[in-house]
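Engineer: Here is my input, please return the structure:
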Amino acid sequence: MNDARTPDVSVIIGAYEAMPYLVRCLESVEAQTIGPHRMEVVAVDDGSTDGTGEYLEEFAARSSVPTRVIRQQNSGGPSGPRNVGLGLARGRYVFFLDADDYFGDEALERMVEMADRAGTDVVLGKVVGVNRGAPQSMWSRTEERVDVHRSKVIYTLSAQKLFRREMLERCQLRFDEDLRTGEDALFTMEAYLRGGGVSVVSDYTCYYLVGRDDGKHVTKTGSYTLRFEAMAAMMALIHRLEPPGPKRDLLMVRPFTVGLLQQFAPGLLKRPESEQRHRMELAAPLMKAYWTDGVARRIKVGERLRLVCVAHGRLDLLADVLTFLQAKQVPELVSSKNGDKLFLAYPHFRDPQAGFRDADYEVTVPDWHGDRRIQKPKKAPRPAPTPPPSAARRAARRVRRDLRRWKARLTAG
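Structural biologist: Numbers count the residues shown, from 1 in each chain. Modelled structure (predicted):
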């Protein structure tokens with residue numbers, strides 16, 4: 001360490017074969033408007049052979065940003081270096097910066113200011129992609145505190161966020177080094193659920209997510225079996241931390257749609273039959289343990305039906321649905337007799353041999369019918385009950401009744 005002052009934020013960089021991207025990464029650290037006196041860098045070279053470790057040591061020797069460099073044998077993934085860095089961090093906050101990526105100049109200043117003002121434990125700064133895609137749905141507006149269950153923040157679970165270090169230590173949060181993919185999603189989701197609130201900074205680009213020209217970005221690696229392990233860990237975490245009910249259902253939509261659904265996309269039809277069956281076998285215990293109507297009704301019909309096929313263990317029916325989707329066919333839109341329900345008639349709708357329910361095809365969230373956006377029908381309002389007659393009206397009725405009786409007696413007499 002080339003400075004002993006206590007920082008506001010520790011920037012933790014796990015680096016492996018990061019040249020030449022590391023150069024731009026560290027330039028963005030030095031350019032931070034928060035100033036070198038309010039931050040530190042803890043960099044872990046994970047057994048690089050391309051000069052990454054040497055460049056980190058050179059940076060530490062010349063930079064005004066207090067920097068500590070640890071060099072270790074390759075651990076096989078990002079979790080180990082991040083945990084080492086977290087164990088050495090001294091800042092009030094930590095930020096996990098990938099060595100391929102870089103900051104916007106005001107990133108740390110804006111995120112630390114937000115965390116201090118809002119009192120939250122996690123801050124998301126707007127991310128944009130460079131030579132790759134990046135999440136977008138959660139950047140609609142800056143918010144001091146969001147509802148994790150209903151916000152789009154659950155669709156960005158990468159580790160590139162500002163975390164309050166006291167919360168991480170109190171919760172004993174570390175990256176799962178046994179997971180070879182999805183470890184950052186597990187870490188971040190737990191921080192969302194156990195921490196003291198989440199903020200979003202959307203009015204400034206804080207983070208540039210870089211797609212490497214050599215294709216070695218970590219998110220592009222990992223076999224499908226590793227991804228099933230990551231999904232199982234995420235589903236188990238949500239069930240452990242969130243009681244049964246609508247909030248759990250909302251959270252569970254994420255691992256089913258951003259995770260399991262990708263394993264049963266139309267591209268599955270090109271895979272060997274043995275792999276198709278293996279994926280079904282890996283999914284079976286997850287569907288049995290975690291798939292519920294509460295989750296299903298929060299998913300669009302075309303996606304839900306694929307998962308229903310998986311839940312039933314019907315690879316043959318799944319192939320029919322995937323073929324239909326691949327051909328970009330539009331299902332018939334069917335209305336119930338009284339008009340209170342809409343169904344998208346994908347393959348095997350009301351086919352008794354398939355054994356699916358009408359509910360599996362029902363539109364329960366905003367969906368698409370071709371190019372047209374469709375909604376769940378609104379229930380027709382019940383007619384207002386007839387109000388009871390007022391005292392004056394009741395008295396008038398009695399007078400009219402008595403008058404009719406008096407006239408009847410006169411006529412009879």
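
Engineer: all helices for the stretch 101-250 of the chain, in order.
Structural biologist: For the stretch 101-250 of the chain, applying DSSP state H, counting those that start in this stretch gives helices covering 107-118, 165-170, 183-194, 224-241, 246-255.

Engineer: okay if I get the ones you listed as JSON lines plus mean neighbour count and mean pLDDT?
Structural biologist: (C-beta placed from N, C-alpha, C; glycine too.) Output for the helices of the stretch 101-250 of the chain, formatted as JSON lines (neighbours: other CB atoms under 10 Å; pLDDT from 0 to 100):
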{"stretch": "helix 107-118", "mean neighbour count": "20", "mean pLDDT": "98"}
{"stretch": "helix 165-170", "mean neighbour count": "16", "mean pLDDT": "98"}
{"stretch": "helix 183-194", "mean neighbour count": "22", "mean pLDDT": "98"}
{"stretch": "helix 224-241", "mean neighbour count": "18", "mean pLDDT": "97"}
{"stretch": "helix 246-255", "mean neighbour count": "19", "mean pLDDT": "97"}
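
Engineer: Need the ones you listed in JSON lines (columns: distance to G14).
Structural biologist: Output for those, formatted as JSON lines (distance: least, CB to CB, whole Å):
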{"stretch": "helix 107-118", "distance to G14": "18"}
{"stretch": "helix 165-170", "distance to G14": "16"}
{"stretch": "helix 183-194", "distance to G14": "11"}
{"stretch": "helix 224-241", "distance to G14": "18"}
{"stretch": "helix 246-255", "distance to G14": "25"}
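
Engineer: all strands for this protein, in order.
Structural biologist: Taking DSSP state E as the criterion, the chain contains strands spanning 9-15, 39-46, 67-72, 93-96, 102-103, 122-130, 162-164, 198-210, 332-335, 342-345, 367-369, 372-374.

Engineer: Select, out of those, the one closest to V295.
Structural biologist: Judged by CB to CB, the one of those that comes nearest to V295 is strand 367-369, at 16.1 Å.

Engineer: Output stretch 147-154 as CSV, nothing but the C-alphas.
Structural biologist: Written as CSV, here are the backbone C-alpha positions of stretch 147-154 (Å, rounded to 0.1, in the frame of the first residue of the first chain):
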residue,chain,number,x,y,z
ASP,A,147,-38.7,-1.6,-4.2
VAL,A,148,-36.5,-4.6,-5.0
HIS,A,149,-39.4,-6.9,-5.6
ARG,A,150,-41.1,-4.8,-8.3
SER,A,151,-38.1,-2.8,-9.7
LYS,A,152,-36.1,-3.9,-12.7
VAL,A,153,-32.9,-3.9,-10.6
ILE,A,154,-33.3,-7.6,-10.2
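
Engineer: now the strands of the chain as TSV including mean pLDDT?
Structural biologist: TSV is the format used below for these (pLDDT from 0 to 100):
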stretch	mean pLDDT
strand 9-15	98
strand 39-46	98
strand 67-72	98
strand 93-96	98
strand 102-103	98
strand 122-130	97
strand 162-164	98
strand 198-210	98
strand 332-335	97
strand 342-345	98
strand 367-369	96
strand 372-374	95
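
Engineer: how about the helices of the stretch 101-250 of the chain, which one is nearest R271?
Structural biologist: That would be helix 224-241 among the helices of the stretch 101-250 of the chain, by CB to CB, at 9.1 Å.

Engineer: and that closest one, what other elements does it pack with?
Structural biologist: Helices and strands touching helix 224-241, by 3 or more CB pairs under 8 Å, 6 or more residues apart in numbering; DSSP states H and E, are helix 183-194, helix 246-255, helix 273-290.

Engineer: As TSV, these with distance to D147 would be great.
Structural biologist: As requested, the helices and strands packed on helix 224-241 are exported to TSV (distance: least, CB to CB, whole Å):
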stretch	distance to D147
helix 183-194	11
helix 246-255	9
helix 273-290	22
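
Engineer: To D176, which of those helices lies closest?
Structural biologist: Here helix 183-194 is closest among the helices and strands packed on helix 224-241 (CB to CB), at 5.0 Å.

Engineer: Work out the gap between that closest one and the centre of the chain.
Structural biologist: In this view, helix 183-194 has its centroid 10 Å away from the chain centroid, taken as CA atoms, centre = their mean, to the nearest Å.

Engineer: follow-up on the earlier one: between the helices and strands packed on helix 224-241, which one is closest to F103.
Structural biologist: Between F103 and the helices and strands packed on helix 224-241, the tightest spacing by CB to CB is seen for helix 183-194, at 17.8 Å.

Engineer: Show me what that closest one is packed against.
Structural biologist: Secondary-structure packing of helix 183-194 (3+ CB pairs under 8 Å, 6+ apart): strand 122-130, helix 165-170, helix 224-241.

Engineer: hmm, 7 Å instead?
Structural biologist: For helix 183-194, the elements it packs on are helix 224-241, judged by 3 or more CB pairs under 7 Å, 6 or more residues apart in numbering; DSSP states H and E.

Engineer: what sits up against the helix it packs on?
Structural biologist: With contacts defined as CB atoms under 7 Å, 6 or more residues apart in numbering, helix 224-241 is touched by 176, 179-182, 185-186, 189-190, 193-194, 248, 251-252, 255, 259-260, 263, 279, 282, 286, 290.
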